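Enquirer: No letters, just coordinates:
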């Protein structure tokens, strides 16, 4: 892979109006950059170091210099012995530097970006299933994915901590995909990534805007709903072709912002949609729906439960449409499609207890989940096990508490990535809202014990919803990620224990 001299970074930062000034000499300018880092622990010889982050300290730059940094990018000149490239936006500068360092690998990929308050992960995996069906038939490597669940780039295959990685890691994933011979990369675009410039310099061949609802409002995320919406709408400036869900709230504003894309198309259950879905019905746990567009008109089948997933399936079909994937692979891909930790259904042997494990974690996803349960499992009692993360998205505690109290017969509040807060304090905060609609609310700090209690004390005919963590294998406690069984693991264990108790 070609490496560039420091002067190339300076020139491109200048061309993008990011470079304010520099004190680089001719001798330093011709030095080849062998590494880029914003973490002093990852600094090596001939590193271009980037001073970023609200918690950045000058000592980090000193440590990087000692380890071999030969220049630094910063919004402040610290007067060090190595040159400073002074910029007006260090986050965008990091993104551009990462693109240069990795030789703009996204240009060698078909890049799909998906944003929305709800459904990003499911849609991303639906797209991947469709593409993988097609690629398998062509004898080509599977599609890459960067999601809040998992990251696969041909080299790395691991559980994710961030929905959208920092720009340097993002370009590394793109480069891994290219080096591995992958042709497609699907990724979720979070509001934080859009707000803070992690996607600066990234252009999606196909972008999807699913929906918008209040979320991520906190001092460290978005100050208010306006900031959140504005951040999400930046997605369109990154799209060649943008697909918009006609069933989304704030549609007029979304369509206005979509004008930044080079091409706008629509999907949804409105008759004016370019990809139109209708005649939605259930057959057992399966969902069947009709799709009409200018290329075909046919039925599709989802074996993954949840009527609301039709919206995500339409988005995936829209992406495949733009990528010219034959409809036969759209059908077979969606029929096989799964999204780990999304609407995973487990039952005991006589099927009188149904456990649904789902990542639902905000107002819109909770609303859709309860609507689906009432429609697909009418008349059954509903138990809900959930919590809220610590230190962020504080509005969820009220929204989810009110919804759970309104739609559940019993509520079990428990730990869900408490981070810097005490899990019990978070649960008590949520409980005040649950109890406005339902006093049948218990706090059990240990997540496994909460799930155990919900299953073993349930009555025949109960649907138990376990939300928020899905198939995640770690809990964030303090600053550490602690290994734990997944919600799926817990569901299987305690359904088996329930079955043994019934046979005893």
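Expert: Good, I have the coordinates. Keep in mind that what you see is a predicted model, and the values were worked out from it rather than measured.
Enquirer: For the rest of this, base every contact and every neighbour count on C-alpha atoms.
Expert: Noted.
Enquirer: Can you tell me the strand partners of whichever strand in the chain runs longest and which way each runs?
Expert: The longest strand of the chain (DSSP state E) is strand 275-283. With DSSP bridges as the test, strand 275-283 is paired with strand 263-268 (parallel), strand 286-292 (antiparallel).
Enquirer: Could I get the buried residue list for it?
Expert: Of the residues in strand 275-283, 275-278, 280, 282 count as buried by neighbour count, 16 or more other CA atoms under 10 Å.
Enquirer: So which of those is the closest to residue 414?
Expert: residue 282 (32.7 Å; CA to CA).
Enquirer: quick one, what contacts the closest one?
Expert: 288, 376 (CA atoms under 8 Å, 6 or more residues apart in numbering).
Enquirer: my read: residue 5 touches residue 29, true?
Expert: Yes. Counting by CA atoms under 8 Å, residue 5 does reach residue 29; the two are 6.5 Å apart.
Enquirer: distance between the ends of stretch 34-42?
Expert: End-to-end distance of stretch 34-42 (CA to CA, to the nearest Å): 12 Å.
Enquirer: so residue 70 touches residue 46, yeah?
Expert: Yes. With contact defined as CA under 8 Å, residue 70 reaches residue 46; the gap is 5.5 Å.
Enquirer: Rebuild the strands paired with strand 275-283 as CSV, extending it with distance to residue 494, mean pLDDT and mean neighbour count.
Expert: Listed next are the strands paired with strand 275-283 as CSV, based on distance: least, CA to CA, whole Å; pLDDT from 0 to 100; neighbours: other CA atoms under 10 Å:
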stretch, distance to residue 494, mean pLDDT, mean neighbour count
strand 263-268, 39, 97, 21
strand 286-292, 25, 95, 18
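Enquirer: To residue 496, which of those lies closest?
Expert: Short answer: strand 286-292, nearest of the strands paired with strand 275-283 by CA to CA, at 24.6 Å.
Enquirer: Going along the chain, name the strands of the stretch 301-450 of the chain.
Expert: 344-347, 353-358, 381-386, 410-413, 441-443 (DSSP state E, counting those that start in this stretch).
Enquirer: give the contact list for residue 385.
Expert: 411-414, 450-451, 454, 464-467.
Enquirer: what do you get if the cut-off is 7 Å, keeping everything else the same?
Expert: 411-413, 451, 465-467 (CA atoms under 7 Å, 6 or more residues apart in numbering).
Enquirer: Distance check, it against residue 484.
Expert: 16 Å.
Enquirer: hey, where'd the helices end up in the stretch 351-500 of the chain?
Expert: Taking DSSP state H, counting those that start in this stretch as the test, the helices found in the stretch 351-500 of the chain are 363-376, 395-407, 423-434, 447-456, 487-503.
Enquirer: is it possible to export the ones you listed to CSV including mean pLDDT, mean neighbour count and distance to residue 161?
Expert: Listed next are the helices of the stretch 351-500 of the chain as CSV, based on pLDDT from 0 to 100; neighbours: other CA atoms under 10 Å; distance: least, CA to CA, whole Å:
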stretch, mean pLDDT, mean neighbour count, distance to residue 161
helix 363-376, 89, 18, 20
helix 395-407, 95, 22, 19
helix 423-434, 97, 21, 19
helix 447-456, 97, 21, 19
helix 487-503, 88, 16, 17
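Enquirer: Specify the stretch among the ones you listed that is closest to residue 79.
Expert: With CA to CA, the closest approach to residue 79 among these belongs to helix 395-407: 42.7 Å.
Enquirer: Quick one: list the elements packing against the longest helix anywhere in the chain.
Expert: Selection of the longest helix in the chain by residue count, based on DSSP state H, yields helix 120-138. If contacts are counted by 3 or more CA pairs under 7 Å, 6 or more residues apart in numbering; DSSP states H and E, helix 120-138 sits against strand 184-188, helix 309-322, helix 327-336.
Enquirer: will you turn those into a markdown table that also has distance to residue 247 and mean neighbour count?
Expert: Below are the helices and strands packed on helix 120-138 laid out as a markdown table (distance: least, CA to CA, whole Å; neighbours: other CA atoms under 10 Å):
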| stretch | distance to residue 247 | mean neighbour count |
| --- | --- | --- |
| strand 184-188 | 20 | 26 |
| helix 309-322 | 9 | 24 |
| helix 327-336 | 21 | 20 |
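Enquirer: before we move on, the earlier item: the very next helix or strand once past the longest helix of the chain pairs with which strands, parallel or anti?
Expert: Later in the chain than helix 120-138, the nearest helix or strand by DSSP states H and E is strand 144-146. Strand pairing for strand 144-146, using DSSP bridges, gives strand 150-152 (antiparallel), strand 184-188 (parallel).
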